[in-house]
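Enquirer: Next comes the sequence, and after it the predicted model I'd like to discuss.
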Amino acid sequence: MDLPPITGPAVLAHLVDDIGFLPFFRSAVPGLSIEEHTPERLWFSETEDGPWEWKGPVLRLCGGAYGKLFRGKAGYVSRAWFPDLANLRRDGYDFDARYDDGLASFRDKELLDTLTRTGPVLSRELKRQAGYGNKDGRKGFDTLLTRLQMQCYIVTEDFVYARDRLGRAYGWGVAKYATPEQRFGPDFCVEAYRRTPEESLERMLSHLRARLPEAREADLRALLLGK
C-alpha cells in the first residue's frame with residue numbers, strides 16, 4: 001500500500017482520519033500499518049519522538065479511538081468509523097444484553113462496571129480498583145482488557161507521561177482507559193446501533209474498497225472482524 005512516510009503525529013492523525021483504520025503493526029492488509037511506513041530511525045531514537053511518543057498527541061488531534069483492536073494488537077480507528085466497528089464487533093449488543101444472554105463472563109462485567117464507575121482512569125488505577133493490583137491478587141487483567149477492547153467496549157482515551165524535575169515528559173506514557181460512551185459522549189450508542197452489524201460491515205468494506213482498491217476482500221474482512 002502506498003502511504004506517505006509517517007514522520008510525526010500530524011501526518012499520522014491525518015492518515016487515521018483518511019483511511020479510518022490503521023493498525024500499529026503489520027496487519028491482515030499488507031502495507032496497512034504504522035510499522036511499515038515509519039522511518040526506522042524514529043522507532044527508538046534518543047533525540048526524536050516516534051510512534052510510541054506520538055500516541056497521546058495523535059488521539060488529541062484526530063479524536064478517534066486507540067487500543068488493541070486488530071487481532072489483539074494495537075491500532076487507531078477514526079471517530080467517524082468507530083461506531084460501525086463497535087456495532088460489528090459487539091454484534092449489535094450493548095454489554096448488559098451480552099451478559100444477560102450468557103455471552104460475557106462475570107469477570108468481564110466486573111472490569112467494565114469498574115471502569116464505568118470510575119470514569120476515564122489510568123491503567124494501573126483501573127487494575128487496582130478492579131482487584132488485580134496486588135502482587136498476590138487475581139490474575140488475568142490483561143486478557144480481560146484485551147478482550148473488551150477487541151469487542152469495542154473499552155478504548156484508550158489518552159496517554160499520561162511521567163515528567164522529570166524540569167517538567168519534561170519522558171517514557172512511553174501510561175494508558176488512560178475509557179468506555180466509548182465516556183470517550184465520545186452519550187450519543188455514541190445511538191450512532192453505534194442505528195444499523196445492523198451486517199450493514200455496518202458492508203459500509204466499512206465499501207469505504208475500504210474505495211480507499212484500498214489493491215487490497216484483497218478476504219484481508220479487509222479479516223481486518224474488520226479482528227480474525
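Expert: Cool, got the structure.
Enquirer: Can you show me the CA trace of the longest helix belonging to the chain as PDB?
Expert: For the chain, the longest helix by residue count, based on DSSP state H, is helix 197-211. Extracted in PDB, the C-alpha atoms of helix 197-211 (Å, rounded to 0.1, in the frame of the first residue of the first chain):
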ATOM      1  CA  PRO A 197     -24.000  -5.400  12.300                       C
ATOM      2  CA  GLU A 198     -24.100  -6.600   8.700                       C
ATOM      3  CA  GLU A 199     -24.900  -3.100   7.400                       C
ATOM      4  CA  SER A 200     -22.000  -1.700   9.400                       C
ATOM      5  CA  LEU A 201     -19.700  -4.300   7.900                       C
ATOM      6  CA  GLU A 202     -20.700  -3.600   4.400                       C
ATOM      7  CA  ARG A 203     -20.500   0.100   4.900                       C
ATOM      8  CA  MET A 204     -16.900  -0.200   6.200                       C
ATOM      9  CA  LEU A 205     -16.000  -2.600   3.400                       C
ATOM     10  CA  SER A 206     -17.300  -0.200   0.800                       C
ATOM     11  CA  HIS A 207     -15.200   2.600   2.300                       C
ATOM     12  CA  LEU A 208     -12.000   0.500   2.400                       C
ATOM     13  CA  ARG A 209     -12.500  -1.000  -1.100                       C
ATOM     14  CA  ALA A 210     -12.600   2.600  -2.500                       C
ATOM     15  CA  ARG A 211      -9.600   3.700  -0.300                       C
END
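Enquirer: buried ones in that helix?
Expert: With burial defined by 16 or more other Cβ atoms under 10 Å, the residues of helix 197-211 counted as buried are Pro197, Ser200, Leu201, Met204, His207, Leu208. For the C-beta atoms, the positions are set from N, CA and C on the backbone; glycine is no exception.
Enquirer: Please apply the same query to stretch 19-30.
Expert: Ile19, Gly20, Phe21, Leu22, Pro23, Phe24, Ser27, Ala28, Val29.
Enquirer: pLDDT wise, what is the nearest residue to Ile19 once chain neighbours are set aside at?
Expert: By the measure of Cβ to Cβ, 6 or more residues apart in numbering, the closest residue to Ile19 outside its immediate chain neighbours is Arg211, 5.8 Å from it. Note on Arg211: pLDDT of 92.
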